[in-house]
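*Asks:* need the 3D shape of this:
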Amino acid sequence: MEMHFKSGRWSFLLAIISTCLFAFVESKDCPEHTKPAFTFDQLWNLEKGFWDSFIYPANLEQAQGNSSTVFAPDVQGRVDVTRTFDGDELNREYIFGLFADPDHVSIVGTPIGYNITQFNANDNLAFATTVITFNATTFGIVIPVTIETWIEFNADGKIAQYDATFRWFDYLMEFLIEGVATKINATSPDQAVAYVADLLATTICDTHEKHCTGANQQYKDTPTCYDYLTKTVRFGKGHEMGRNTLLCREVHEHMVQYRPEVHCSHIGPSGGGYCVDDMDYPQTVLQRYFNDSWIPFGYGTDQNIWLAN
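*Replies:* Numbers count the residues shown, from 1 in each chain. Presented below is the predicted three-dimensional model:
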């Protein structure tokens, strides 16, 4: 049975009734519905509200606030190229703070616009494919980045959990490195990688020198920091921003300014539990993390391998 949800035509109640009738025909019990009931229009507006807050300089306001207008206090989040992130404060730092400074060295820079190209929603879940336009000031280009998101909203319309995938991100990294190679007249991709590694390591070590002092210090001095980041730890691939790589530490460097006591270890040699090689491919794919199923109307809880409980 195919259900089409169009603005102003289908109510949430009708969707529930249709689902239950189909379940009856199939000799199944209608699943108990305990999630908030949103219309398609409401979910569309909630989705757009998130992306509106993601665009610079709105993201700067979210990162600097004391509490989020977007995330629930106990929000769960996962991004495929990095890791999982728990709680409002950490997610504000990561989702908003990571892209909130156009003058800071960054892989993709700041988001300046978006276009939702795919969208479907029911229950309190919304799936979207969104093309974000980033001003990658470090590389001197404006570039599109495609992000696929599953978002669950709580009764207050805040994000309770999300699952995000950067489509073609390895391809994006190759494109950026090729652009650097052309810019510096490199004779090999390795030269371009070394150029970018120098830039990222210098920035990370400057941040460490400024913010990671006392009990938060990770490296003996700046030369030790630079040598470790350029000679010991690997540069990393696009999908390794949550592993023991320089690219992972570049991600977390942006957040050090907000809470050094939390994030300094992430840019240090230990990786602080975020920039570490603690999971192989099967463990990553099969990780039990989410509290709620991503299947609407209560389906899938009996076989969903991503559920924590």
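*Asks:* got a list of what Asn216 touches?
*Replies:* Counting by C-beta atoms under 8 Å, 6 or more residues apart in numbering, Asn216 touches Pro260, Glu261, Cys264, Ser265. All C-beta atoms are positioned from the backbone trio N, CA, C, and that covers glycine.
*Asks:* ends of stretch 263-274, what's the gap?
*Replies:* End-to-end distance for stretch 263-274: 10 Å, by C-alpha to C-alpha, to the nearest Å.
*Asks:* who's in contact with that stretch?
*Replies:* In contact with stretch 263-274 (C-beta under 8 Å, 6+ apart) are residues 82-83, 93, 204, 207-208, 211-212, 216-219, 228, 232-233, 242, 244, 248-249, 252-253, 255-256, 275-276.
*Asks:* keep only those of those residues that are in helices.
*Replies:* Per DSSP state H, helices hold the following members of the contacts of stretch 263-274: Ile204, Thr207, His208, His211, Cys248, Arg249, His252, Glu253.
*Asks:* would you check which pair of those lies furthest apart?
*Replies:* Longest distance between any two of the ones in helices among the contacts of stretch 263-274 is 17.7 Å, between His211 and Cys248; criterion C-beta to C-beta.
*Asks:* quick one: which of the two has more around it?
*Replies:* Cys248 (24 against 19; other C-beta atoms under 10 Å).
*Asks:* ok, now which ones touch the nearest residue to the more buried one once chain neighbours are set aside?
*Replies:* Leaving out its chain neighbours, the residue that sits closest to Cys248 by C-beta to C-beta, 6 or more residues apart in numbering is Cys275, at 3.8 Å. The contact partners of Cys275, by C-beta under 8 Å, 6+ apart, come to Gly242, Arg243, Asn244, Thr245, Cys248, Arg249, His252, His266, Ile267.
*Asks:* next: Ser293.
*Replies:* So Ser293 contacts Tyr299, Gly300, Thr301, Asn304, Leu307 (C-beta under 8 Å, 6+ apart).
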